[in-house]
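Peer 1: got a predicted model here, sequence first, then my questions.
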Amino acid sequence: MDIVTREHRSRMMSGIRGKNTGPELAVRKAAHALGYRFRLHRKDLSGSPDLVFPARNTVIFVHGCYWHRHEGCRYCYNPKSNVEFWTEKFKNNVARDQRVGQELQQGGWRVVTLWECETADDDGLRKRLKQIFRS
């Protein structure tokens, strides 16, 4: 049983953004502060990656733990209502992520996924970005 009406839930869900999210802005801020330069949401690349580092042939996707099913994460829970719909939705999201990643790799790109939960710790995020670009 949902604690809000269907109309209210619909309004809430329609407000969820796909670009310029809080976690994405945190990654952009950290990358820029470290001197890494990037492009945003290049539509000519499969999946329109959140950050594109052309000089390093690297793309970064900043995935929400809930929507993209970050296994083992506390934010990756299953809804209790409309279970069939959500199961299919999540399955399709994960399949699309895998397909897009393979297409980009075949095009010569290194694909990195940063999870929403990783962006909460600024120091940890900076270390992770340094680690990504060291290799």
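Peer 2: Looks like it came in fine.
Peer 1: distance check, A31 against I3.
Peer 2: Between A31 and I3 the distance, using CB to CB, to the nearest Å, works out to 38 Å. C-beta here means a position set from N, CA and C on the backbone, and glycine is covered the same way.
Peer 1: quick one: which of the two has more around it?
Peer 2: It is A31, of A31 and I3, that has more neighbours when counted by other CB atoms under 10 Å, with 20 against 6.
Peer 1: so who does D97 touch?
Peer 2: Listed by CB atoms under 8 Å, 6 or more residues apart in numbering, the contact set of D97 reads 47, 61, 63, 68, 113.
Peer 1: next, count neighbours for the second one.
Peer 2: When you say that, I think you mean F61. Burial measure for F61: 21 neighbouring residues, criterion other CB under 10 Å.
Peer 1: what's the distance between the residue nearest to it when sequence neighbours are not counted and Q98?
Peer 2: The spatial neighbour of F61 that comes closest, neighbours along the chain excluded (CB to CB, 6 or more residues apart in numbering), is T113 at 5.1 Å. In this structure, T113 lies at 11 Å from Q98, with CB to CB as the measure.
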